[in-house]
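S.K.: sequence-free structure coming up:
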């Protein structure tokens, strides 16, 4: 199950109902001090708790009880787990609400799975068919033989508008079978078989009809007394809820050495996690050292180190490094060793990268958990210098131990690579309340990283980021392009750069200043006239032409000549996904608008066709940012593939997208 949304209401600073989208696998919560970022992590962590909210969870002035809501997208593995419940086949999303008294309730979309009423309709149809055939066969009836009335009354009871039949009706299924079995036809099956007349045919039909009805009644009874589909589905979904883990500073603060005599029976969390990963019993090890049982202590440490090497070898493919215990008297050191070059010997963990130490503690922390947890980390940049922060983010972007990492930060160096899906803002409303905002570009200016700095609570901070950045025309590009570039790539690798808006917003005189937004900067403009004007503006503002990429596609004209087709970002989106988003926005802002179809737009410069269509149909033209957000939402809400997300890019433009990524990488010097 993929966590995709979280909503808070009357929870601490979040009085008004406010929601945040959590589609990405690496999400940073940013905002000024005391905005409530840590409160959101605390709220997320309450997923598995049935405890009542504490008084401190209530806003001190609202006087209302808190409500928290988690929204999940079901993935392929969830659907496989639900496969034995046919009524749950259409389930796509699940929403869990935690109420004031701590109780939790589920809402399933598109709806709760209910019993298949068609089975009941089949029985009622078969009853009507049997009675009709009985009349046709001219069965002789005794005066007391009222089986038709009994069956007709039973048939009416099956039409009750209820999901679960009452115990009385289910019991009457047995009675119906008994009544049918007792009906005397006045002829034997052998006689009917031998009779080749129309009467014999009617009798044979009646025999088959009764047999079919009895079998179907018994099948219906077995089905109706079986577990309720909703309860079955909820049991499966509850069992598959991801674990929310608050990953504290103590959990990841692994020292280089520990004195065994000074380690309590409950060791520091980071050391305890590593020992659990290595199956190392510190109490027994300390006793063996104290009793000078060197062979036993050496064997214990060696066995633990073998376990660690195996664990790191399976999970740490980037550097092929493992942590190892080194015992020297009563001192237990933790050192690193190369798995591919054992001759290089040990090295102090302080000499290894902060990202490696983080990963090591994370591997130990999640050891033994069922499934992949969701990691919640507060102030992730604590004690890390800028370069170490970038190293850490790279590790988190590539790790496979947690299904999702949600963290708070004040540091630009700790921002995720995909800022379109990876940054969410906790924004103060006043001194005592805050709200959640899904787009940082809606705060402050819209050029480069400036609005993001404002969201970090550092609008006036002077900084020189060491990252690579692509500055595109507008916010819609920053939202959707990272997903398109990543999905269309032949390798599932991080982009290596961030995409931010700004080219369309900045004046020519300030274009040169955009080059200081990151260590290396490239600019991306559309291939239409507006994009070419932006390119000219950048050049006039002092940006070297070699830093500018124009979005175009190569094509061959009807006369066989090579030509260049101008494109815009929206042309790279799957046409069905794009039109679905456009029509949703049209319905939102217009009354009963017509529907735009693929026949109304061309293969390139779609937004121009959409604007023209809207003008011709006298409807408000949808906002490009809103469309990009809807496309991104649908990528996760539609039926996902094995990777957990649906395809957003246009398959016909895959080569264009791959070439665009390669060109941006080249302009940024990342090759």
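M.R.: Yep, it's here. Just so it is clear, the model here is predicted, and its values are computed rather than measured.

S.K.: excluding covalently adjacent residues, which one is nearest to residue 417?
M.R.: Leaving out its chain neighbours, the residue that sits closest to residue 417 by Cβ to Cβ, 6 or more residues apart in numbering is residue 494, at 5.1 Å. C-betas here are computed from N, CA, C, even on glycine.

S.K.: shouldn't that neighbour be in contact with residue 416?
M.R.: No - contact status for residue 494 versus residue 416: not in contact, 9.2 Å apart, counting by Cβ atoms under 8 Å.

S.K.: between the two, who's got more neighbours?
M.R.: Neighbours around residue 494 and residue 416, counted as other Cβ atoms under 10 Å, are more numerous at residue 416. The numbers are 23 against 16.

S.K.: that one and residue 393 touch, don't they?
M.R.: Yes - the pair residue 416 and residue 393 passes the contact test of Cβ under 8 Å, sitting 6.3 Å apart.

S.K.: which is the next helix or strand following the lowest-mean-pLDDT helix or strand in the chain?
M.R.: Scoring the helices and strands of the chain by mean pLDDT, DSSP states H and E places helix 450-455 at the bottom, with a mean of 69. Reading on from helix 450-455 to the C-terminus, the next helix or strand found by DSSP states H and E is strand 468-471.

S.K.: hey, what's in contact with both of residue 494 and residue 416?
M.R.: Where contact means Cβ atoms under 8 Å, 6 or more residues apart in numbering, the residues bridging residue 494 and residue 416 through contact with each are residue 397.

S.K.: hmm, back to that, spell out which residues are contacts of both of residue 416 and residue 393.
M.R.: Residues touching both residue 416 and residue 393 comprise residue 26, with contact defined as Cβ under 8 Å, 6+ apart.

S.K.: sketch out the low-pLDDT regions of this structure for me.
M.R.: Residues of the chain that meet the criterion pLDDT under 70 lie in 136-145, 316-319, 441-448, 450-451, 454, 457-466, 490-493, 556-561, 636-645.

S.K.: break it into its domains for me.
M.R.: Segmentation of the chain into domains, based on automatic domain parsing, reads 118-227, 253-366, 568-666.

S.K.: which one of the ones you listed lies closest to residue 438?
M.R.: With Cβ to Cβ as the criterion, residue 438 lies closest to domain 568-666 of the domains of the chain, at 7.4 Å.

S.K.: list the buried ones in the longest helix along the chain?
M.R.: In terms of residue count, the longest helix belonging to the chain (DSSP state H) is helix 198-224. The neighbour-count criterion (16 or more other Cβ atoms under 10 Å) identifies 200, 202-207, 209-210, 213-214, 216-217, 220-221, 224 as the buried residues of helix 198-224.

S.K.: show me the contacts for the residue nearest to residue 417.
M.R.: Residue 494 makes contact with 394, 397, 398, 417, 486, according to Cβ under 8 Å, 6+ apart.

S.K.: pull out the buried members of those residues.
M.R.: So, by 16+ other Cβ under 10 Å, the buried ones in the contacts of residue 494 are 394, 397, 417, 486.

S.K.: for those, which one is nearest residue 189?
M.R.: residue 486 (68.7 Å).

S.K.: what are the contacting residues of the helix or strand harbouring that closest one?
M.R.: Following DSSP H and E, one finds residue 486 within helix 475-487. Helix 475-487 is touched from outside by 417-421, 439, 441, 446, 472, 492, 494-495, 499-501, 524, 569-570, 572-573, 624-625, 627-629, 631-632, 635, 645, 647-649, 657, 660-661, with contacts defined as Cβ under 8 Å, 6+ apart.

S.K.: just the buried residues of these.
M.R.: 417-421, 439, 441, 446, 472, 494-495, 499-501, 524, 569-570, 572-573, 624-625, 627-629, 631-632, 635, 645, 647-649, 657, 660-661.

S.K.: so what touches the helix or strand that contains residue 405?
M.R.: Here residue 405 sits within strand 404-408, counting by DSSP H and E. The set of residues external to strand 404-408 that reach it, using Cβ under 8 Å, 6+ apart, is 2-3, 22, 24-30, 37-38, 40-41, 44, 242, 374-380, 396, 399, 414.

S.K.: of those residues, which belong to helices?
M.R.: Assignment to helices by DSSP H places the following of the contacts of strand 404-408 there: 37, 38, 40, 41, 44, 396.

S.K.: so how far does stretch 507-526 reach from one end to the other?
M.R.: From its first residue to its last, stretch 507-526 covers 17 Å (Cα to Cα, to the nearest Å).

S.K.: again but with stretch 237-254, I slipped
M.R.: When the termini of stretch 237-254 are compared using Cα to Cα, they are 36 Å apart.

S.K.: buried set for that stretch?
M.R.: Residues of stretch 237-254 classed as buried: 237, 240, 241, 242, 243, 244, 245, 247, 251, 252, 254 (neighbour count, 16+ other Cβ under 10 Å).

S.K.: okay, now residue 160: neighbour count?
M.R.: Should you count by other Cβ under 10 Å, residue 160 turns out to have 12 residues around it.

S.K.: quick one: secondary structure of it?
M.R.: On the three-state scheme (DSSP: H, G, I helix; E, B strand; the rest coil), residue 160 is labelled coil.

S.K.: contact partners for it?
M.R.: Contacts for residue 160 (Cβ under 8 Å, 6+ apart) come out as residue 169.

S.K.: also the one 5 residues further on?
M.R.: Listed by Cβ under 8 Å, 6+ apart, the contact set of residue 165 reads 120, 158, 224.

S.K.: grab the nearest non-local neighbour of the second one.
M.R.: I take that to be residue 158. Closest residue to residue 158 in three dimensions, ignoring its sequence neighbours and counting by Cβ to Cβ, 6+ apart: residue 120, at 4.4 Å.

S.K.: tell me how many other residues surround that neighbour.
M.R.: Neighbouring residues of residue 120 were enumerated by other Cβ under 10 Å; the total is 20.

S.K.: with residue 79 instead?
M.R.: Neighbour count of residue 79, defined by other Cβ under 10 Å: 16.

S.K.: what about residue 336, which SS state?
M.R.: Following three-state DSSP, residue 336 is assigned to strand.

S.K.: that one against residue 323, yeah?
M.R.: Yes - checked against Cβ under 8 Å, the pair residue 336 and residue 323 is within contact range at 5.9 Å.
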